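Asks: can't give you the sequence, but here's the structure:
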Ligand code: NAP
């Protein structure tokens, strides 16, 4: 992967950070996007550089058009090329039933988890597609097991936004299949990151073991390993695939 450039939205913490670390170790030059926690992004970039890798950071809200424009502009100016894109930024919200979802909640959820990722994938295609003069590349979208389970009484809106990611993956893969780009997704199950605390359930990972066939939550590193495979040349005949990384759930 030497010299190839990878952009990871929401790359500063959790699953995105694990992807950045492993991608840098595999030789990718990584651009780490974050929205609020500059300290986490800076510390991760420093770790990667201390380990001999190359990393940049860029602040930007991946749930807005202007934020996405700024993120990709930073990739253009700092690296001058893009070979891989991990559409990872995503949020949950507090558990609630569908009849209690506010309009504002739905707008935030879908802006960050669905509209933003579709628009960002388009920005990656503009840079990587051979139809636009690019070298080709690879996109990995971050779905969730929720897309298939539906997450009743918790966050059906989140599950629906991840359903959109699955459909994006299938449709975009076909759209750019002759343009040097392969597009896949992973569906993590319950992974031990800070996202659960942000939804008011700080112990969700440890307390959910009983509903996972493997009887444990997954780690960010285990999801990152699947993403690194899909980013690799070993996955060159795989497109439109969605890989469950969920301990059998
Ligand atoms: P996390 O630990 O909460 O980390 C979220 C990351 O996304 C942080 O780097 C955060 O940046 C960034 N982010 C949040 N909103 C953003 C925005 N609007 N624009 C740009 N960056 C933004 O989350 P995670 O658990 O690693 O989840 C990563 C992805 O995996 C999400 O798409 C999530 O839906 C999906 N997923 C997670 C699980 C799980 O159990 N953890 C399961 C299935 C799917 P700051 O540091 O600046 O806040």
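Replies: Sure, I can see it. Source: prediction; values computed, not measured.

Asks: which SSE is immediately downstream of the least confident helix or strand in the chain by mean pLDDT?
Replies: Ranked by mean pLDDT, DSSP states H and E, the helix or strand of the chain with the weakest confidence is helix 204-207, at a mean of 93. Note on helix 204-207: by DSSP states H and E, the next helix or strand toward the C-terminus is helix 220-231.

Asks: got the contact list for the next helix-or-strand element following that following helix?
Replies: Using DSSP H and E, the helix or strand that follows helix 220-231 in sequence is strand 242-245. Strand 242-245 is contacted by residues 143, 145, 166, 169-170, 184-189, 218, 222-223, 226, 230 when judged by CB atoms under 8 Å, 6 or more residues apart in numbering. For glycine as for every other residue, the C-beta is placed from the backbone atoms N, C-alpha and C.

Asks: by neighbour count, which of those wins?
Replies: Comparing the contacts of strand 242-245 on neighbour count, residue 143 comes out first with 30 neighbours (neighbours: other CB atoms under 10 Å).

Asks: ok so, going back, got the buried residues for the least confident helix or strand of the chain?
Replies: 204-205 (16 or more other CB atoms under 10 Å).

Asks: quick one: the residue of the chain most remote from its centre from residue 157, how far?
Replies: What lies farthest from the middle of the chain is residue 99; by CA atoms, centre = their mean that is 28.5 Å. Using CB to CB, to the nearest Å, we find residue 99 at a distance of 12 Å from residue 157.

Asks: just the pLDDT at residue 25, thanks.
Replies: At residue 25, the model reports a pLDDT of 98.

Asks: likewise residue 1?
Replies: 60.

Asks: thinking again about what came up before, is the least confident helix or strand of the chain positioned near the ligand?
Replies: No - using CB under 6 Å from any ligand atom, helix 204-207 never reaches the ligand; the gap is at least 6.8 Å.

Asks: not counting its own residues, what contacts that helix?
Replies: Outside helix 204-207, the residues that touch it by CB under 8 Å, 6+ apart are 190-193, 196, 217.

Asks: inside helices: which ones of those?
Replies: residue 196 (DSSP state H).

Asks: the contacts of helix 204-207: which ones sit near the ligand?
Replies: Among these, the ones lying near the ligand by CB under 6 Å from any ligand atom are 190-191, 193.
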